[in-house]
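**Q** Fold the following and give me the result.
(one chain, ligands or ions: 2)
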Amino acid sequence: MTTAGKVIKCKAAVLWELNKPFSIEEVEVAPPKANEVRIKILATGICRSDDHVINGSLVQPLPIILGHEAAGIVESIGEGVTSVKPGDKVIPLFNPQCKKCKTCKHPTGNICMENDMTAATGTLKEGTTRFTCQGKSIHHFGGTSTFSEYTVVDEFAAVKIDSSAPLEKVCLIGCGFSTGYGSAVKVAKVTPGSTCVVFGLGGVGLSVIIGCKSAGASRIIGVDINKDKFAKAKELGATECINPLDYKKPIQDVLVEMTENGVDFSFEVIGRLDTMTAAFACCNNAYGVCVIVGVPPNGQNLSINPMLILTGRTLKGAIFGGFKSNNDVPKLVSDVLAKKFKLDPLITHVSSLDKINEGFDMLRAGKSIRTVMTM
Ligand code: COD
Ligand code: ZN
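**A** Ligands and ions are numbered 1, 2, ... in the order given. Below you'll find the model as predicted:
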């Protein structure tokens, strides 16, 4: 029996209030309107940015269905949709690529002006939501809302991937993996033989390490205050790991000494002002490049002595690893199928939507790298 054109009743995790657990609810998912796609979500990861919404540091309209790192199969399409068809495997794109706006037309810019993260409306482009629960309209998150068995996205926020892709793994390409990997290969453009330092060894930091290694870096130093993170970092390519708590000196001074006047590339993958300052200061004064990957606390500023820039350092950053999502996500999936890199080491827990609150507790306790919920 086809569900196309009908309302689908399914399970979703709804966030009704800040700092409260999700409620698993039966929601109604309306059929896609013109230029929209309804997707059956089969796997979705738990990302730190979802938690940032729960704790209020990323402001979004409530109630909301979170989740933005996922993979699924197209269930039905609205009028005018041409890029995907029912049955296609797709990855939803929180950082979409409409290919029409000024940013999409720029050769490198990747914050598509259709994104719903920077000034969130919590709706699709048409201006309304497709989710209803207990008679109330529920907001979308980042145009994706993947903590639901079915979701509706704008056509520009979904991309077809290889039909043989393992969805329970490639879902990470929807956010965490691409964010870290692209920061190394696309934003920093790590060079063969270089020395890199990665501050923060969570799922995104480990993905930076995978990128540095694949770009041919010869020395990759991991920095974390949780030494339990070191073994996996080394397994993925870190040549050494250090804990700032083991030193009396500021960690940037330690790193400058360890690397004869500073590293070629540094990455801040934590989201703290002090570690951003350290990451910038530890890169080489004449040519070091520092990439900010971590999302800083809302409304706070960095204080930097311009002399640090004047001598030749570069400070930069990017969302989603600088990738243009519609172009690059299918390629990254093909790279996984070609065994260019593995996503398995990043997935420490496999769970289900019913256990979403336990999944977030593990993330907050630093016990998981990525939890993937399969449906
Ligand atoms: N010094 C050293 N290490 C530290 C410190 C410190 N002071 N404080 C925390 N850490 C370590 C933790 O022990 C942990 O291992 C690591 O830093 C952070 O890891 P996680 O697991 O909390 O986070 P990740 O890897 O999932 O990374 C997420 C970011 C924190 C980088 C987050 O800001 C983010 O997702 N940024 C990506 C930006 C983006 O593109 N967002 C768009 C949608 S997600
Ligand atoms: Zn994310």
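**Q** Check the contact between residue 30 and residue 124; I expect there is one.
**A** No. With contact defined as C-beta atoms under 8 Å, residue 30 does not count as touching residue 124 (10.3 Å). C-beta here means a position set from N, CA and C on the backbone, and glycine is covered the same way.
**Q** which residues do the two both contact?
**A** Contact criterion C-beta atoms under 8 Å, 6 or more residues apart in numbering; residues shared by residue 30 and residue 124: 130, 152.
**Q** Show me which of those two is the more surrounded one.
**A** Neighbours per residue, other C-beta atoms under 10 Å: of residue 30 and residue 124, the larger number sits with residue 124, 21 against 16.
**Q** the helices in the stretch 251-375 of the chain, which residues?
**A** Along the stretch 251-375 of the chain, the stretches classed as helices by DSSP state H, counting those that start in this stretch are 251-258, 273-281, 307-310, 325-337, 356-364.
**Q** Next: the stretch 101-250 of the chain.
**A** 102-105, 167-170, 176-182, 203-214, 230-236.
**Q** now the angle from the strand ranked longest in the chain to helix 356-364?
**A** Criterion DSSP state E: the longest strand present in the chain is strand 36-45. On the basis of axes from the mean of the first three to the mean of the last three C-alpha atoms, to 10 degrees, strand 36-45 is oriented at 60 degrees to helix 356-364.
**Q** residues contacting the residue lying closest to residue 341 once chain neighbours are set aside?
**A** Excluding the flanking residues, the one nearest residue 341 by C-beta to C-beta, 6 or more residues apart in numbering is residue 210, at 5.3 Å. Going by C-beta under 8 Å, 6+ apart, residue 210 touches 177, 180, 181, 184, 236, 237, 341.
**Q** can you do 7 Å?
**A** Contacts here follow C-beta atoms under 7 Å, 6 or more residues apart in numbering; on that basis residue 210 touches 181, 236, 237, 341.
**Q** Find me the pLDDT at the residue nearest to the third one when sequence neighbours are not counted, would you?
**A** Nearest non-adjacent residue to residue 237, counting by C-beta to C-beta, 6+ apart: residue 213, 3.3 Å away. At residue 213, the model reports a pLDDT of 97.
**Q** Neighbours of residue 213, how many?
**A** Residues lying near residue 213 (other C-beta under 10 Å) number 19.
**Q** Redo the helices of the stretch 101-250 of the chain as CSV? Include distance to ligand 2.
**A** CSV is the format used below for these (distance: least, C-beta to the ion, whole Å):
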stretch, distance to ligand 2
helix 102-105, 20
helix 167-170, 15
helix 176-182, 6
helix 203-214, 8
helix 230-236, 19
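**Q** Export the ones you listed as TSV, with columns for distance to residue 83.
**A** TSV is the format used below for these (distance: least, C-beta to C-beta, whole Å):
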stretch	distance to residue 83
helix 102-105	14
helix 167-170	18
helix 176-182	19
helix 203-214	27
helix 230-236	34
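**Q** Mind checking these for the one nearest to residue 370?
**A** Nearest of those to residue 370, taken as C-beta to C-beta: helix 203-214 at 4.8 Å.
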